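[1] How does the following fold in three dimensions:
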Amino acid sequence: MSRPPKFSWWEKEGLIRPADFAVVGAGITGLSAAYFLKLQAKQARVLVLEKGSRPEGATVRSAGFACFGSAGELLADVKTMGEAEAYGLAGQRYLGLTLLREIHGDSALEYEPCGGFEVFFAEEKEQAEEIRQKLEEVNHKLNEYGNFSGAVFEEPGRHETETLGFANLHMVIKNKFEGGLHPQKLWNSLLAKCLELGVEYRSGVEVKQIESGRLMGIDYEMPCRKILVANNAFAHAWLPDEVQAARAQVWVSELLKKPFPEGTFHHCEGYNYFRGYAGRLILGGGRHIAPEAETTFSTENSESIEKYLKEELLPRLFRNNPPKMVESWAGTMGIGLSKKPRIAEWKPGVWTAIRMGGMGIALGTLAGKMGAELMLEDN
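    Here you go, the predicted structure:
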């Protein structure tokens with residue numbers, strides 16, 4: 001395996017100069033942290049390091065869902081996390097989405113306020129009916145713990161459900177607060193705002209070791225007064241018990257013969273997801289059928305999951321006349337025993353903002369802000 005090219009004297013000079021704040025990882029969370037740090041500490045040297053030529057996690061490799069959890073997913077989370085934590089986390093995700101839109105504006109994000117839909121097919125009738133009976137309770141708890149106002153989830157009318165045109169569809173739950181966006185345009189806007197403020201960004205710089213007061217790579221050592229680890233799943237290298245990789249796979253179809261129904265769609269507690277975009281279908285998920293195999297940093301696609309999505313889900317969406325899928329990729333999410341992000345001090349002078357639990361678009365901006373606030377408070 002070839003080593004990365006050596007740094008020039010000029011590049012090293014930019015790395016070995018002491019930084020007031022160093023952020024490891026240039027995804028949504030890392031760049032958001034740098035943005036908030038520079039807003040509050042205008043004279044400070046804020047440096048963001050990214051090991052690749054671009055973020056290698058899920059930031060620009062997602063399906064572009066601006067979501068915070070379907071009713072089925074939230075009820076599943078309640079069983080493992082408890083009501084206050086599960087619904088409170090949903091509120092944080094929505095707060096993060098709101099903050100994201102306020103900073104960038106919907107136009108820059110190519111944000112579509114299309115609403116989210118959770119779908120249940122005929123064989124999922126029992127689960128669907130159980131969730132239907134609990135919808136009022138879910139909405140109440142979201143108001144109580146998540147600071148929402150009014151109903152978040154509702155069952156649309158029969159006509160709206162039928163117009164989706166899915167085969168063997170039993171029930172749909174709509175969330176008017178969700179939407180879709182363009183991940184690359186999100187990142188472009190975030191990086192531009194950071195650079196405009198004077199944040200320094202270095203790509204192709206891998207951090208091998210983190211100690212209080214310094215970062216080390218293959219051929220550099222940089223003094224840093226304060227450090228934030230914000231590379232999500234890739235923090236596994238230093239915190240293996242806190243976060244691990246989870247591959248999220250995505251496929252894009254050929255141009256469709258007719259427009260796909262408007263909305264972002266979730267199935268099977270959010271493990272499957274799909275949406276129409278630019279006259280095509282974006283389809284992803286399937287991680288639940290092989291969770292252990294999907295604990296990987298690989299950006300290749302799995303044949304078993306591709307087969308599952310194409311044979312089990314796709315025919316339902318197009319009544320056995322599915323389009324051809326022409327492109328695919330995968331991104332790496334950061335998950336752990338808890339879905340709650342780890343935003344805390346790790347060692348003196350070093351903090352983390354990791355473990356977004358597959359909700360990086362929703363949580364990344366807020367997590368970056370919270371990480372920055374922790375660093376600024378510790379003076």
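
[2] pLDDT weak spots in the stretch 101-250 of the chain?
    Across the stretch 101-250 of the chain, no stretch falls below the confidence threshold (pLDDT under 70).

[3] Helices along that one, start to end?
    106-109, 125-145, 158-162, 183-197 (DSSP state H, counting those that start in this stretch).

[4] Just give me how far the third one sits from the chain centre.
    A distance of 30 Å separates the C-alpha centroid of helix 158-162 from that of its chain, computed with C-alpha atoms, centre = their mean, to the nearest Å.

[5] Residue 370: what's its closest spatial neighbour, skipping adjacent residues?
    Using C-beta to C-beta, 6 or more residues apart in numbering and skipping the chain neighbours, the partner closest in space to residue 370 is residue 343 (4.9 Å). To be clear about C-beta, it is placed using only N, CA and C from the backbone, and glycine gets the same treatment.

[6] Checking the one you found next. Helix, strand or coil?
    Using DSSP: H, G, I helix; E, B strand; the rest coil, the structure places residue 343 in strand.

[7] Domains in this structure, by residue range?
    Split into domains by automatic domain parsing, the chain comes to 17-61+183-242+338-377, 114-177+244-335.

[8] Out of the ones you listed, which is closest to residue 101?
    Across the domains of the chain, the minimum distance to residue 101, taken as C-beta to C-beta, is reached by domain 17-61+183-242+338-377, at 9.2 Å.

[9] Any idea how far that closest one is from the middle of the chain?
    Here the centre of mass of C-alpha atoms in domain 17-61+183-242+338-377, compared against the chain's by C-alpha atoms, centre = their mean, lies 15 Å away.

[10] Next, the distance between the ends of it.
    Across its full length, domain 17-61+183-242+338-377 reaches 24 Å between end residues, using C-alpha to C-alpha, to the nearest Å.

[11] Quick check: which element contains residue 281?
    Counting by DSSP states H and E, the secondary-structure element that holds residue 281 is strand 280-285.

[12] Identify the residues contacting that strand?
    Strand 280-285 is touched from outside by 63-64, 248-256, 260, 267-268, 271-276, 305, 309, 313-314, 317, 323, 325, with contacts defined as C-beta atoms under 8 Å, 6 or more residues apart in numbering.

[13] How about stretch 266-277?
    Counting by C-beta under 8 Å, 6+ apart, stretch 266-277 makes contact with 63-65, 67, 69-70, 72-73, 76, 114, 116-121, 180, 256, 259-265, 281-288, 309, 313, 317, 358, all of which sit outside it.

[14] Can you turn the buried part of those residues into a PyMOL selection?
    In PyMOL syntax, the buried subset of the contacts of stretch 266-277 is picked out as below (16 or more other C-beta atoms under 10 Å):
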select buried, resi 63+64+65+67+69+70+72+73+114+116+117+118+119+120+121+180+260+261+263+264+265+281+282+283+284+285+286+287+309+313+317+358
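
[15] Distance of residue 211 relative to residue 243?
    Taking C-beta to C-beta, to the nearest Å as the measure, residue 211 and residue 243 are separated by 19 Å.

[16] Have a look at these two and say which one is more surrounded.
    The residue with the greater number of neighbours, taking residue 211 and residue 243 and applying other C-beta atoms under 10 Å, is residue 243; the counts read 28 against 14.

[17] thinking again about what came up before, give me the number of residues near the residue nearest to residue 370?
    Counted with other C-beta under 10 Å, the neighbours of residue 343 add up to 22.

[18] Next up, the contacts around it.
    Shown here is residue 343, whose contacts under the criterion C-beta under 8 Å, 6+ apart are 351-353, 367, 370-371, 374.

[19] Who wins on neighbours among the residues you listed?
    Neighbour counts for those, by other C-beta under 10 Å, peak at residue 353, which reaches 32 neighbours.

[20] if we can go back for a sec, and the residue nearest to residue 370, what pLDDT?
    The model reports residue 343 with a pLDDT of 98.

[21] Just to be sure, residue 333 is in a strand?
    Yes - in this structure, residue 333 lies within a strand as judged by three-state DSSP.

[22] from what I can see it touches residue 248, true?
    Yes - taking C-beta atoms under 8 Å as the definition, residue 333 is a contact partner of residue 248 at 5.4 Å.
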